[in-house]
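# how does the following fold in three dimensions:
(3 chains)
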Amino acid sequence: MQTLPLPDAENTHARRPRLWGWLLLTPMLAWLLLFVVVPMGILVVYSFCTRDDLGRVVFAFSWENYGRVFEPIYLNILWRSVVYAALTTAICVAVGYPVAWFIARQREVVRNRLLLLVMIPFWTSFLIRTYAWITILKSEGLLNGFLLAAGAIPAPLDILYTPAAVVIGLVYAYLPFMILPIYGSAEKLDNALVEAAHDLGAGPVRAFSEVIVPLTWPGIAAGTLLVFVPAIGMFAVTDLMGGAKVPMIGNVIQNQFFKARNWPFGAALGVVFTLMFVVAYILVQRRGRAHR
Amino acid sequence: MSSPSTSRPLLPSGLKLLNWGFAAWTTLVFVFLYLPILVLVGYSFNTSRLNIVWEGFTLRWYADLWGNTPILDALKNSLIIAAFTTLASVVIGTVGAWMLYRYRYRFSRVIQTLVCVPMIMPEIVMGISLLIFFTVLHLQLGFLTVIIAHITFCFPFVLVAVQARLQGLDPALEEAALDLGATPVKAFWLVIVPCLRPAILSGGLMAFTLSMDELIVTFFTRGPGSATLPTVVYGMAKVGLNPMLNALSAIFILSTIAFVLFSENLRKLSSR
Amino acid sequence: MKLLRILACIVFAAGLTAGLRAADKELNLFAWSEYIPRPVIDGFTKETGIKVNYETFASGEEMLAKMLAGGTAYDLVQPPDYIAEALIKNKLLTPLDYKQLPNFKNILPEFTKMPHDPEQKFTVPYMTGTVGIVINSEKVKEPVAGYADLFSPKHKGRVVAVDDGRELLVGALYTLGIKLNDITPANIAKARPVLAEWFKTIKLFDSDSPKTALLNGDVDLGLVWSGEAATLWNENKKFRYVLPSEGAHMFVDLMVIPKDAKHLSAAHQFINYILRPEVSVLISDEFPYTNPNGEARKKLTAEQLANPASYPKTDRKLDTFRHLGESGALIDELVTDLKNTK
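Next up is the predicted model:
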């Protein structure tokens, strides 16, 4: 079972590229080279520099930035970001999968509309959306007002500026990026397969877990990638909904370029952060191939 | 392989129960998704300019909006940038996914990893490094630089979404088309792309959304004339998010929803 | 003789055209978002015909980062005082031509020749303010005079503070009797336990809009910028503002012209325009900070002048922040560490 959508080395139909194969890949290749590799290169160069009093780089070679990256405090902060991202991803899968599945099962007229409706709330401004959440979750807010009026709680819940609010905010921000890829994969699932499983005696739960989920696994994997990876670097939600009390790795990196005025250290953090992901990604690829 | 275009046949009762469960769950999730939007629209009628506490009902912000060129310009810029970004991201992402799937390049794995790098790279780092790069190239900061930056971190989302769908693609499809005399390009366009449509739609939606709401990278790569809505909104946080912004969002959202619910054109985007 | 006359005509014509070229058509302005009201910009364009390209930032640090990374050559920038000092030190600013700034005399003397620009060569004050304590007097009945009172354990979970490590550190230094710009590793170490205690009372950090939490009733007290406090007072007089007794400082936002500015004449014209009392009043109407323009102050309403956050009544001489140099990183480390260990 594949764990991630990858170029399949065992794709028997994948051919060796000829002229067209190279020509058509060139735009993307050039783009990657120019706008991903070169900026990363600049960053790597910067990470080995020292800085002046304004924070600019001074081209004097030094390892000190990399030494600092691995200090316990930053590893601790990185770990916390990973944990929040993992939690968010897990909740998004649990919450989003049924929705993606349901949408995929609808008539075609309804399908696309529902899909767009999932995304449309996120065409408003992030800040206004988040302030709306603050309005809902604050101690004199709508949620508390509703619960108090219904007599469900004796005193207002203290949700805002706590980790609970942060998780709500993160799940809200990333849910569509889980629903959409799963939909893309679930949509083509042939109903006949499900019926066949049922005909063969599988109960609904078994049909689901042993037929449907495995077949939509590429979608789940894609969604995980598209949620987990960006979520690690996210800090705006934690700042706004969590009261900026707990630093995430995104805060630390941002601060180096702004408050701390230490661009080389920020660059080093960025490089290490990206490299960690690259290594993890390659490892997961290898494991995925070993499974098959 | 193709599913009927009318409603799918009723499922056996065990699965039917499951489906009802899914329907209920989906409704709940939509409530969750739209709750802040309702609040947002509600507060667009707030008399308080600071718009933090509800003070009273007024329609004046909708009226004020018409005269406010900077905000409307910012929205226009955001839409233009998002449109170009989405178009380019969809093209690059889909073609890229297909190429990686169909051909075995010597460094496919490197390309695959590189494609994911913009997703992990923190926006501040990407923004500053791109700015430095543009400066070295003596590129004038403006729409072009912003769009380049947006495409860079948006197209991986399209690519990953399309690849997920390619996973289960029947290789016989393309072979059949080629056997019937189609050129590879025609086979791709007439056979493969329609199969990929749901994933392309998903990817395109994600790209559009990411571009519309992008702040940090845009800050570093924009020029004086290319204010986007997020930068305007973020800048207003200090003086209080004027209900005019809520009004703008409300109009935008409600008109888009109306379009989605009542447009006939969406049928054409369906898959086969 | 005839040749000389022809030469003179040519020189004269050249001078004329040079003058025409010098009449700029555009101005690249890089300023705080929402800090220069729309009517001010439109009024300037209407009067001079100069198109203003208004690019914005939301913090002084962002501004510096973009400028240093190679941002578009701006003609006019709005740094805070300590950043301006750094820019001057690194020779990144153009000296002002006071012949083009006749309205500069409107600035009150106490805002000229300040520590960041002692020769008054490069900067013009735009707006100033202080950092102080806001108290919701309906919820907090006992007196709060300074940092010690603000962060006392009985206010636990009811305080908002600006997310600015330097402001917090300086507050701690005040309570220890150390001068605000004396930021050394030793002093930071002394301030650390003080701040650790303070962080326990803080419910949230917010530099962008601390007034939100105060208006929402999620907190009752705050350490905020005076502009925020002034806005709160305008909303509801229950929000009182005090300058901390242990020590208080002010900040000045300035207008400066970067070294590689292309439209020097337009930049000077804009500064001169802002210094007009009637224009400055427009700014004060929108943003209740402290207006350094003496002539403008004469035109403000009694209510505006009575706002305790806009125009705090104090006899103390308020210091400003000086350029930090590398201590900025130390402060950031301290705050990150304290936040991390909670």
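# I'd like to know how far the closest residue to chain C within chain B sits from residue B:81.
Proximity of chain B to chain C (CB to the nearest CB) peaks at residue B:235, 2.2 Å away. (Each C-beta comes from the backbone N, C-alpha and C, glycine too.) According to CB to CB, to the nearest Å, residue B:235 and residue B:81 sit 17 Å apart.
# more neighbours: which of the two?
More crowded of residue B:235 and residue B:81, by other CB atoms under 10 Å in any protein chain shown: residue B:81, with 24 against 21.
# quick one: contacts for that one?
By CB atoms under 8 Å, 6 or more residues apart in numbering or on different chains, the contact set of residue B:81 is B:143, B:146-147, B:150, B:211, B:226, B:228.
# can you check residue B:77 too?
With CB under 8 Å, 6+ apart, residue B:77 has these contacts: B:143, B:226-229.
# from residue B:142, how far out is it?
10 Å.
# quick check: mean pLDDT across the one helix or strand residue A:195 maps to?
If you go by DSSP states H and E, residue A:195 is part of helix A:191-199. Helix A:191-199 shows a mean pLDDT of 71.
# helix, strand, or coil at the spatially most central residue of chain C?
Per CA atoms, centre = their mean, the C-alpha nearest to the average position across chain C is that of residue C:253, at 2.8 Å. Secondary structure for residue C:253, judged by DSSP: H, G, I helix; E, B strand; the rest coil, is strand.
# show the pLDDT at it.
pLDDT, residue C:253: 93.
# quick check: it touching residue C:77?
No - counting by CB atoms under 8 Å, residue C:77 is not a contact partner of residue C:253; they are 10.6 Å apart.
# around chain C, pick out the residues from the stretch 151-292 of chain A.
Neighbours of chain C within the stretch 151-292 of chain A, by CB under 8 Å from any CB of the partner chain: A:160-161, A:239, A:242-247, A:251-252, A:255-262, A:265.
# before we move on, what about the stretch 1-150 of chain B?
B:48, B:50, B:52-53, B:70, B:128, B:131-132, B:134-136, B:140-141.
# output those of the residues you listed also counted as contacts of chain A.
For chain A, the contacts drawn from the residues of the stretch 1-150 of chain B next to chain C by CB under 8 Å from any CB are B:128, B:132.
# narrow the residues of the stretch 1-150 of chain B next to chain C to just the buried residues.
Buried by 16 or more other CB atoms under 10 Å in any protein chain shown: B:48, B:50, B:52-53, B:128, B:131-132, B:134, B:141, out of those.
# show me the shaky parts of the stretch 51-200 of chain A.
A:190-192, A:194 (pLDDT under 70).
# and the pLDDT at residue 44?
Because you didn't say which chain, this covers chain A. For residue A:44, the pLDDT comes out at 93.
# switch to chain B, that's the one I care about
So residue B:44 comes in at 93 (pLDDT).
# which per-residue confidence value corresponds to the closest residue to it other than its chain neighbours?
Using CB to CB, 6 or more residues apart in numbering or on different chains and skipping the chain neighbours, the partner closest in space to residue B:44 is residue B:246 (3.6 Å). Residue B:246 is assigned 92 on the pLDDT scale.
# quick check: residue B:246 touching residue B:39?
No - applying CB under 8 Å, one finds residue B:246 not in contact with residue B:39, separated by 9.3 Å.
# and chain A, which of the contacts of residue B:77 contact it?
Restricting the contacts of residue B:77 to those near chain A - CB under 8 Å from any CB - leaves residue B:229.
# please pick the buried ones from the contacts of residue B:77.
Buried members of the contacts of residue B:77, scored by 16+ other CB under 10 Å, are B:143, B:226-229.
# in helices only, show me those.
Taking DSSP state H as the definition of helices, the buried ones among the contacts of residue B:77 contribute B:143, B:229.
# what secondary structure does residue 135 sit in?
Since you didn't name a chain, this refers to chain A. helix.
# my question was about chain C, not that one.
Assigned with three-state DSSP, residue C:135 falls in the strand class.
# that older thread, between residue B:246 and residue B:39, which one's more packed in?
Ranked by neighbour count (other CB under 10 Å), residue B:246 and residue B:39 place residue B:246 first, with 27 against 21.
# what separation do you get for the more buried one and residue A:131?
9 Å.
# also residue B:113?
Using CB to CB, residue B:113 is found at 37 Å from residue A:131.
# who has more neighbours, the two?
Neighbours were counted for residue B:113 and for residue A:131 using other CB under 10 Å; residue A:131 has more, 25 against 17.
# the more buried one looks like it's in a helix, true?
Yes - residue state for residue A:131 (three-state DSSP) corresponds to a helix.
# for the residue nearest to it when sequence neighbours are not counted, give me its contacts.
Once flanking residues are discounted, residue A:131 sits nearest to residue B:241: 6.1 Å by CB to CB, 6+ apart. By CB under 8 Å, 6+ apart, the residues touching residue B:241 are A:127-128, A:131, B:51, B:233.
# got phi/psi on residue B:241?
Phi and psi for residue B:241, reported as degrees, to the nearest 10, are phi -70, psi 100.
# mind listing what residue 250 touches?
Using chain A. A:81, A:232-236, B:122.
# wait, chain C was what I had in mind.
Residue C:250 neighbours (CB under 8 Å, 6+ apart): C:128-130, C:290, C:318-320.
# part of a strand, is it?
Yes - assessed by three-state DSSP, residue C:250 belongs to a strand.
# quick one on the thing from earlier: least confident of the contacts of residue B:77?
Within the contacts of residue B:77, residue B:226 has the lowest pLDDT, namely 83.
# give me the distance between residue B:91 and residue B:77.
The value you get for residue B:91 to residue B:77, if CB to CB is used, is 22 Å.
# nothing else from me, thank you.
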